[in-house]
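Engineer: generate coordinates for the sequence data below:
(one chain, ligands or ions: 1)
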Amino acid sequence: MLVVSVERSVSSHRGVPLSARVFRRVHERCGKVSGMTYVPGVQEPRAWQAWRATRSAGRIGVAGLAWTAAGAGVTAALTHAVPSVATLRRLRTRVMPVLAGVGAPDHVALTFDDGPDPASTPLFLDVLAELDLRATFFVLGTMLERAPHLAERMVDAGHELAVHAWDHRSMLLRGPRSTYRQLHRTRELITTVTGRQPRFVRPPHGILSAGFLLAARSLDLTPVLWTAWGRDWTSTATPLTVLDTLMPDLRGGGTVLLHDCDCTSAPQAWRSALGALPELAARCHDLGVRVGPLAEHGLRAPRAKNMIALPSVLQPVAAPGFSATRECHVGGYRE
Ligand SMILES: [Zn+2]
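Structural biologist: Next up, the predicted model:
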């Protein structure tokens, strides 16, 4: 049995004290789906102790970054079976911060891909409501078409919908017309179902193409990837592995990628992301950062039209209040 104590680290959210009853409810809910059991006061498992030691010892060195990036790349290639620009995550955070999702230094954008799925997304909405968090959901048109009622529930709860694609096939395998149709059809469905036109787009697997950027520009969509992920799509992912993977890259201004659906992941893999949410919220509180959707992330929009020309692609564009070389007061990026 996996035992996780969160009572000590999670005592309030947004400055509002949260009762033990709320935490117990959230963790009981997560326990049903993730194997985590809420036991107040029990000592943290070794994984958390190790993570804390890593954080208190400061940032890992260049060699560590290289190994981490290499490991992430190998995992992405093995699990998604396609190359991914996710392997360049740290590089793009530095040279293309808006594309990477670097926003206001006192805010973390929480994003979910691949839904909505009636089997899993409602549980995410329940837990997010318990934690008083709102997020951005990058939806697949094929999934949204089957569950439009979930989109209505998301909007009612203050969440944001964004375009992933109509299906999950890589943009590199599509021509320009097919790519445009993927984004346009999904954007129109979101607009029809929610009454709101989406602002953001994230390609499947995080793989960009010229056709994708052109289509995004034509459709007035801003491409946003992520700065931290939980590798929650694998068959071996657990809430603790998700947190251990996320935490080294979690800081103000970042964008977190998780999945609320297993339609492109290992079966039931979403349970690991769901189980990680309460502690993720706690860590963001510890960092003194707000958590919310991309719409509130303070991204300064160079929309896709500014990413077409190569000089613009490589031009650092920092969000307001953010410097890629200056550590912000809440510990923003300084890679
Ligand atoms: Zn996806």
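Engineer: so where's the chain uncertain?
Structural biologist: 1-88, 301-335 (pLDDT under 70).
Engineer: residue ranges of the helices in it, please?
Structural biologist: Along the chain, counting by DSSP state H, helices occupy 20-34, 46-56, 62-80, 89-95, 97-100, 121-131, 141-146, 148-156, 176-194, 210-218, 239-246, 270-287, 305-308, 310-313.
Engineer: send the alpha carbons of the fourth one over as PDB?
Structural biologist: As requested, the backbone C-alpha atoms of helix 89-95 are provided in PDB (Å, rounded to 0.1, in the frame of the first residue of the first chain):
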ATOM      1  CA  ARG A  89      11.700  21.500 -23.900                       C
ATOM      2  CA  ARG A  90      14.500  23.200 -22.000                       C
ATOM      3  CA  LEU A  91      15.900  24.900 -25.200                       C
ATOM      4  CA  ARG A  92      12.500  26.200 -26.300                       C
ATOM      5  CA  THR A  93      11.800  27.500 -22.700                       C
ATOM      6  CA  ARG A  94      14.900  29.600 -23.200                       C
ATOM      7  CA  VAL A  95      14.600  30.800 -26.800                       C
END
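Engineer: what helices and strands are in contact with that helix?
Structural biologist: Counting contacts by 3 or more Cβ pairs under 8 Å, 6 or more residues apart in numbering; DSSP states H and E, helix 89-95 packs against helix 62-80, helix 97-100. Any C-beta I mention is one placed from the backbone N, CA and C, and that applies to glycine too.
Engineer: which strand residues bridge whichever residue of the chain sits closest to the ion?
Structural biologist: When scored by Cβ to the ion, the chain has residue 113 as its residue closest to the ion, at 4.0 Å. Beta-bridge pairing for residue 113 (DSSP bridges): residue 138, residue 259.
Engineer: what's around it, how many residues?
Structural biologist: As a burial measure, residue 113 scores 27 neighbours (other Cβ atoms under 10 Å).
Engineer: repeat for residue 91
Structural biologist: 13.
Engineer: show me the contacts for it.
Structural biologist: For residue 91, the contact set (Cβ atoms under 8 Å, 6 or more residues apart in numbering) is empty.
Engineer: again, but for residue 243
Structural biologist: 51, 230, 276, 279, 280, 283.
Engineer: may I ask which of these has the most neighbours?
Structural biologist: residue 276 (28 neighbours).
Engineer: was I right to think it contacts residue 247?
Structural biologist: No - when contacts are counted by Cβ atoms under 8 Å, residue 276 is not listed as touching residue 247 (10.1 Å).
Engineer: neighbours of the closest residue to residue 225 other than its chain neighbours, how many?
Structural biologist: Counting by Cβ to Cβ, 6 or more residues apart in numbering, residue 225 lies nearest to residue 206, which is 5.1 Å off, once chain neighbours are set aside. Applying other Cβ under 10 Å, we find 23 other residues in the vicinity of residue 206.
Engineer: roughly how far does residue 206 sit from residue 89?
Structural biologist: Shown here: residue 206 relative to residue 89, a distance of 8 Å by Cβ to Cβ, to the nearest Å.
Engineer: so for these two, which residues contact both of them?
Structural biologist: With Cβ under 8 Å, 6+ apart as the test, residue 206 and residue 89 both reach 225, 226.
Engineer: list the contacts for residue 160?
Structural biologist: So residue 160 contacts 134, 135, 136, 137, 154, 198, 199, 200, 293, 294, 295 (Cβ under 8 Å, 6+ apart).
Engineer: apart from its neighbours in sequence, what residue is nearest it?
Structural biologist: residue 293 (4.0 Å).
Engineer: surely the one you found touches residue 133?
Structural biologist: No - counting by Cβ under 8 Å, residue 133 is not a contact partner of residue 293; they are 9.4 Å apart.
Engineer: what residues are shared contacts of the two?
Structural biologist: Contacts common to residue 293 and residue 133, judged by Cβ under 8 Å, 6+ apart, are residue 110.
Engineer: any figure for the gap between residue 288 and residue 100?
Structural biologist: For residue 288, the distance to residue 100 - Cβ to Cβ - is 21 Å.
Engineer: looking at the two, which has the bigger crowd around it?
Structural biologist: Between residue 288 and residue 100, counted using other Cβ under 10 Å, residue 100 has the larger neighbour count: 24 against 11.
Engineer: contacting residues around the more buried one?
Structural biologist: Per Cβ under 8 Å, 6+ apart, neighbours of residue 100: 89, 92, 93, 224, 225, 226, 227, 255.
Engineer: what parts of the stretch 151-300 of the chain come near the ion?
Structural biologist: Residues of the stretch 151-300 of the chain lying close to the ion (Cβ under 5 Å from the ion) are residue 204.
Engineer: can you rerun that using 8 Å?
Structural biologist: Selection of the stretch 151-300 of the chain residues close to the ion by Cβ under 8 Å from the ion yields 164, 165, 168, 202, 204, 205, 259, 264.
Engineer: cool, the stretch 1-150 of the chain as well?
Structural biologist: 113, 114, 138, 140.
Engineer: rewinding a little: dump the residues of the stretch 151-300 of the chain next to the ion to JSON lines, plus distance to residue 147 and neighbour count.
Structural biologist: Shown next, in JSON lines, are these (distance: Cβ to Cβ, whole Å; neighbours: other Cβ atoms under 10 Å):
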{"residue": "164", "distance to residue 147": "14", "neighbour count": "28"}
{"residue": "165", "distance to residue 147": "16", "neighbour count": "27"}
{"residue": "168", "distance to residue 147": "16", "neighbour count": "18"}
{"residue": "202", "distance to residue 147": "19", "neighbour count": "26"}
{"residue": "204", "distance to residue 147": "19", "neighbour count": "25"}
{"residue": "205", "distance to residue 147": "22", "neighbour count": "22"}
{"residue": "259", "distance to residue 147": "16", "neighbour count": "27"}
{"residue": "264", "distance to residue 147": "16", "neighbour count": "18"}
